[in-house]
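# sequence and predicted structure are below.
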Amino acid sequence: MTPLAYHEPESLDRALRLLADIEGARCIAGGQTLVAMLNAGLVEPPALVSLARIAELATIARGPGGALRIGATVTHEAVTESDDVARNFPLIAQAARAIAHPAIRSFGTIGGAVAHGDPNADYPAALVASDAVIEIASGGRRRSVPAGEFFRDYLTTALEPGEIVVAVVIPAPPVGARGLYLKFARVDGDYATLSVAALLARKDGACTHLAVALGSAGSVPVRDRNAEKKRIGKKLDDAAIAELGAALAARCDPVDDVRGSSAYRRGLVPGLVAKTLKILSA
Amino acid sequence: MSAQSPANAVGQGVPRLEVREKVFGQAQYVDDMVRPRMLHGAVLGSPIPHGRIKSFDKSRALALPGVKAVIVGPELPAHHLGAFIKDETALAREKVRYIGDPVAAVAAVDLATARKALGLIDIEYEELPAVFDVDEAQKPGAPLLHENYEKYVKVYPAEFSGRNVLTISTVSEGNVDQAWAQCDVIVEGVYESPAQAHAYLETNGALAEFDAAGKVTVWSCTQSIFKMQAAISEALGLPMAKIRAIATRVGGGFGGKSEPGTQIIAVMLAQATGRPVKVILSRDEDFTMMRVRHPAKVRVKTGAKKDGTLVAREFDAVYDAGAYADESPGVVGFGVLMARGPYRVPHVKSVGRGVYTNKLRTGAFRGFGNPQTAFASEANLDDLAAKLGMDPLDLRLKNAMRPGDTWVGGQKVEACGLVECLEKLRKQSDWDKRRNSPAPAKPGKKRGIGVACLSHISGVLATSAIVRLLEDGSFSLNTGAVDIGQGSDTTLAQICAGSLRVPLERVNLVNPDTDASPYNWGTGASRVTYTVGRAVASASDSVAEQIKQRASIIFECAPADLELREGGMVGVKGVPGKVLPYGAVAGFSHFVVGGPIIGTTALMFDGPGFDPKRALLRGVPFSNLGAYVFGAQAVEIEIDEVTGKVEVIEAWSAHDVGKAINPQSVEGQIQGGVVQGIGYALTESVEWDGGRVVNPTFMDYKIPGALDVPYAIHPIIVEHPEASGPFGAKGVGEPGLIGVGPAIRNAIAHAVGVRLSVMPFSAERVWTAMRGAA
Amino acid sequence: MQVELNVNGEQASLMLDARQTLLDALRVQLGLTGTKLGCNQGVCGACTVLIDGKPARSCLVLAAGCGGRKIVTIEGIADGAKPSAVQQAFIETGAVQCGYCTPGMILTAEALLRKRKRPGLDEIREAMSGNLCRCSGYAKIIDAVKLASERVPA
């Protein structure tokens, strides 16, 4: 068996050059998904480019406008342990905390999770609901893609060959916004059978901001911006919540698998959306 | 660990003999072993569910650098194997019958090369139509899995008729057909339970090595070194004198390591290469190639008088045997035998059949047919209680077996603590309050509590024990019984130490090894404490007699004047000063008179047996089993109204174990069984798409983790001594699991009024049922 | 490729393929077989080791990426023949049955108690939630962690 080449560049430029030069090379951060795939023989790259030593990818900091910039190699554990994230971006903190188990969270990274593009995972729905922007780099350029456009299909993202995720940027939520990630799974640590990521801000009882995205509800996170817009300036009463839930259920295209049938998942949407929004309205 | 254990360790929760090596990471499981020049083996499974092998070509695989041997089924002699029906060969020779059916094996210098070589073995199949459902399989014209079924050797008086039916067991007593007329209330239901995977943390594996004289040593994680020795002998035509089977530490078995895993394959590869070969299955290989619990569909009909007295029980079950018989006849027979439940029911008719399908074979798994039976029986009883307007615990109490009652078939059961189990359960779970005026559930949840009873056996088949007095007054104990993690080594050593009045440290337990150990059928059927323990106690008593006999020469008295004393001494009764340590007696025996002191016992379980004048038993592959154990379990749950997800809040599990030799181990077995039962009831189900297992990984097949079960699982030990058991003890290995499924099902009925009949009670099933009932 | 690993305080220089997991390197190259292979996809936790003090799934970590990191396995927990507080507690409470999950459980518990001195019951359950056990039903394992936490100096 040909030995697998392993590179540990210390700069982003060097990493990008390696990825451009070696055809089929894959980058590796925490490895919690990629190594499982290597173990199972699902991928056989000629080379691995580790991002572990690239300092600029490993930071969490606030940026312009108070946006939260999470470097691609920041671990789920670091996200859950950040006071700033816990207090000001609770939806993100909760989504990170819901991932698998502690040992996985010690090593798994947001960049890896995002690049994998699994709609059954926890970050994608939370990032779509948060209007996050994915920063991408390749040898030639940098670009940004909103999360809602980044996830294209099951395990398919906007990343082109040679591109890597360098950061995830989450805009500062509106003043007074509350966030919640509600995950329903068969057992603790499992992928969600259905999850709801929601942000809600109200002033004098009327919605000023509403964003709801569903995980494990289709080939990408499911969101209905038109249905959300309808609620702005109005109260979020039971009828409104039910209408939003129905709209989202209609947009779902969940799989049939061991975690649940398509009909069940779609059937859960109104109830779980209602539960989430009621908690946020309390 | 205390430096000096109490002289009589029986009844103490002493730490396991091997616990230090396990917590230090020094325990040797088979994959930890390395032998000089060892090769690695891998197994190729059939890619299709049913087909004839037309031709094969090994050349591409053999040409891969590092490959040392390739064996394909058609090259092997037609030696048939099987615990009850000899319907399979070590590798598939003429037909493949399930996706994953082992058909070839490779030995290579490393595992990656061996696995790569599997893909280079060219086998041409003529694909045949396959059948995946037990009803379809019995229809005329259904694909036939075993065309030569009638010719297969069967080691029991098998009964079979019908297409793809491999075994039919019938047990009946009284006259059920006439008894319905006496009943005021009759309730009938059909209950389905899934295939459950053992999901032991250590996959199946074996390491085999031949010596220059042509004798092979096989190390493996097995529940029976003697079954492995026999299976290898049968498969290869080697005499058992040339086969040495040794047990390594076992990382869980639960029935899934009772039959051969990779032992025979490892031996064949070792023979072909002349080098040691280790064959360890990957997790998904173990999930798809080995065996799982029988899915079952059981129809139960129970009739009672309006005061709740049970009168008649009819039971009719179909078990999916998968592609090979494996232990199906035993599972079917036992499931049918347990159909009455631990109750006084005069009229019983129970029938079960095993049916072949082109799926992974099904075999022994904790409970051995009883969980499927208990689900149906205990769900049905609850439905009956509801119709009668009776509390379900009261209904069970009213009809529970009492000491002196008979099992179906007439076996008298002298020791029966079922009533005490129910009463303790009622008290400790605060049943009446939880049932009738429960505390409010958390918002958005519904709360309920359910109960189930169970009975099981712990005495069956043959075993033996050898106890030797060592020169310094220590002992060596050898039984051939494999400790698969349940703690039997320690329990047996406690029985020996307790019988001989020595500290536990003075008993050496010999690792099971067919070269040295006397025959023991195996670890399973909850039998080691009772059946093997009996042999240990008896062999220890024989040693005690011999010690007294030798000592009587030294003291110049009669052996009857002597007694054993704490600390390993023998002395004259009533004369404290006249005492000798065992070491002195051993020295005397070795150098002066009598020769070495060795106690041996060989026994076959010898309970009363079934009475053919009283009951009809046909096609049941046991002539004798017993040492019945009894239990009652209660589970409190909460159901999420939005998702239907069932959460177990608390569980109580009361078991009459005769005597708890090691209470800590007994508790551990109960708690472990309950959690495995929670998995079976709520989240575990092997799923197939046609013939392909769709969830052969821990990612997709979910067993409970620490957050999925309550911390509060209360084991309740009840002790009604079993006269024939060592210190009164009988078994508890399997019971913890058996009643959990129906207890949860009954709790769901209490919580939200839906009576489920299909397990597992996944959130989706409960949610759907709740909406249906609304 | 050549990889320098620091395992249980000792330096080891290994010749590895980059494909090799840390689990494989520990068990095969270093003969440290206390860490177990259960599923090879990071679900069961039998392969748990500590990397720079954090519990890690050694089956999902490439050995090649471990240069410069401190790895602790079950073999590095005891002080010679003296068990750690966690190991001693596991011995006493009946937390060990077949023993296959035990090394992973102990490593996870060690990491917890180094981080949190007096964890509550729910914290313990949460910390241990990533390690599967098929034998014990978890209760006695949780008892062991609780007992150890009471004995570790505050």
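Perfect, thanks for sending it. All values derive from a computational prediction rather than experimental measurement.
# next one, pLDDT for the residue nearest the centre of chain C please.
What sits nearest the mean C-alpha location of chain C, by C-alpha atoms, centre = their mean, is C:L107, with 2.8 Å. C:L107 carries a pLDDT score of 98 in this model.
# residues contacting it?
C:T48, C:V49, C:L50, C:P55, C:V72, C:T73, C:I74, C:I77 (C-beta atoms under 8 Å, 6 or more residues apart in numbering or on different chains). For the C-beta atoms, the positions are set from N, CA and C on the backbone; glycine is no exception.
# next step: those restricted to strands.
Here DSSP state E is the test, and the contacts of C:L107 give C:T48, C:V49, C:L50, C:P55, C:V72 as lying in strands.
# out of those, which is most surrounded?
Ranked by neighbour count (other C-beta atoms under 10 Å in any protein chain shown), the ones in strands among the contacts of C:L107 have C:T48 at the top, with 32 neighbours.
# skip the chain neighbours and tell me the closest residue to that residue.
Excluding its sequence neighbours, the residue lying closest to C:T48 (C-beta to C-beta, 6 or more residues apart in numbering or on different chains) is C:G104, at 3.8 Å.
# nearest to chain A, out of the contacts of C:L107: which one, please.
Nearest to chain A, judged by C-beta to the nearest C-beta, of the contacts of C:L107 is C:P55 at 4.3 Å.
# dig out what that closest one forms beta bridges with.
Judged by DSSP bridges, the bridge partners of C:P55 are C:L50.
# got a list of what the residue nearest to C:T48 touches?
C:T35, C:K36, C:C44, C:G45, C:A46, C:C47, C:T48, C:N131.
# now render those residues as a markdown table, adding pLDDT, distance to B:H590 and secondary structure.
Converted to a markdown table, the contacts of C:G104 look like this (pLDDT from 0 to 100; distance: C-beta to C-beta, whole Å; DSSP: H, G, I helix; E, B strand; the rest coil):
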| residue | pLDDT | distance to B:H590 | secondary structure |
| --- | --- | --- | --- |
| C:T35 | 98 | 45 | coil |
| C:K36 | 98 | 44 | coil |
| C:C44 | 98 | 50 | coil |
| C:G45 | 98 | 51 | coil |
| C:A46 | 98 | 46 | coil |
| C:C47 | 98 | 49 | coil |
| C:T48 | 98 | 50 | strand |
| C:N131 | 98 | 50 | coil |
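# show me what the biggest helix by length in chain B is packed up against.
Ordering each helix of chain B by length in residues (DSSP state H) puts helix B:533-555 first. Helices and strands touching helix B:533-555, by 3 or more C-beta pairs under 8 Å, 6 or more residues apart in numbering or on different chains; DSSP states H and E, are strand B:462-469, helix B:488-500, strand B:562-565, strand B:569-572, strand B:579-581, helix B:582-591, strand B:598-604.
# buried residues in it?
In terms of neighbour count (16 or more other C-beta atoms under 10 Å in any protein chain shown), helix B:533-555 has its buried residues at B:533-540, B:542-544, B:546-552, B:554-555.
# for the residue of chain C found nearest chain A, give me phi and psi.
Ranking the residues of chain C by distance to chain A (C-beta to the nearest C-beta) places C:G130 first, at 2.7 Å. As for C:G130, its main-chain torsions (degrees, to the nearest 10) stand at phi -90, psi 0.
# thinking again about what came up before, phi first, then psi, for the residue nearest to the centre of chain C.
Note on C:L107: backbone dihedrals following degrees, to the nearest 10 are phi -60, psi -40.
# do the same with B:A634
Residue torsions, per degrees, to the nearest 10, at B:A634 are phi -130, psi 140.
# and the closest residue to chain C within the stretch 101-250 of chain A, what is it in contact with?
Ranked by C-beta to the nearest C-beta, the top residue of the stretch 101-250 of chain A for proximity to chain C is A:H101, at 2.7 Å. Contacts for A:H101 were tallied using C-beta under 8 Å, 6+ apart; they are A:G189, C:G45, C:S129, C:G130.
# that one and A:T80, how far apart?
12 Å (C-beta to C-beta, to the nearest Å).
# swap in B:P581?
Note on B:P581: its distance to A:T80, by C-beta to C-beta, is 63 Å.
# what's the domain layout of chain B?
B:19-27+B:462-604, B:33-128+B:204-280, B:296-459+B:611-773 (automatic domain parsing).
# can you check chain A too?
When chain A is parsed with automatic domain parsing, its domains come out as A:5-50, A:59-170, A:178-281.
# including mean pLDDT, could those domains go into a markdown table?
Listed next are those as a markdown table, based on pLDDT from 0 to 100:
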| stretch | mean pLDDT |
| --- | --- |
| domain A:5-50 | 95 |
| domain A:59-170 | 97 |
| domain A:178-281 | 97 |
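# what is the burial count for residue 57?
Using chain A. A:L57 has 23 nearby residues by other C-beta under 10 Å.
# actually, chain C is the one I wanted.
Residues lying near C:R57 (other C-beta under 10 Å) number 34.
# ok, the residue lying closest to it once chain neighbours are set aside - how many residues close by?
Residue nearest to C:R57 in three dimensions, not counting chain neighbours: C:G42, with 4.2 Å by C-beta to C-beta, 6+ apart. Neighbours of C:G42 under the rule other C-beta under 10 Å: 30.
# residue ranges with poor pLDDT in chain B?
B:1-8, B:773-774 (pLDDT under 70).
# now the strands for chain A?
Assigned by DSSP E, the strands in chain A fall at A:5-7, A:26-28, A:47-50, A:60-62, A:68-71, A:133-137, A:142-146, A:151-153, A:156-157, A:164-170, A:178-184, A:194-203, A:206-215, A:222-223.
# now residue 111. Nearest residue, chain neighbours left out?
Unless you meant another one, I'm taking chain A. A:A72 (2.7 Å).
# to clarify, I was referring to chain B.
That would be B:H40: by C-beta to C-beta, 6+ apart, it lies 4.4 Å from B:L111.
# and whichever strand or helix holds the one you found, what does it pack onto?
If you go by DSSP states H and E, B:H40 is part of strand B:39-45. Secondary-structure packing of strand B:39-45 (3+ C-beta pairs under 8 Å, 6+ apart): strand B:102-108, helix B:111-118, helix B:263-273, strand B:277-280, helix B:283-289.
# adding mean neighbour count, write the ones you listed out as JSON lines.
Formatted as JSON lines, the helices and strands packed on strand B:39-45 follow (neighbours: other C-beta atoms under 10 Å in any protein chain shown):
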{"stretch": "strand B:102-108", "mean neighbour count": "28"}
{"stretch": "helix B:111-118", "mean neighbour count": "21"}
{"stretch": "helix B:263-273", "mean neighbour count": "26"}
{"stretch": "strand B:277-280", "mean neighbour count": "28"}
{"stretch": "helix B:283-289", "mean neighbour count": "23"}
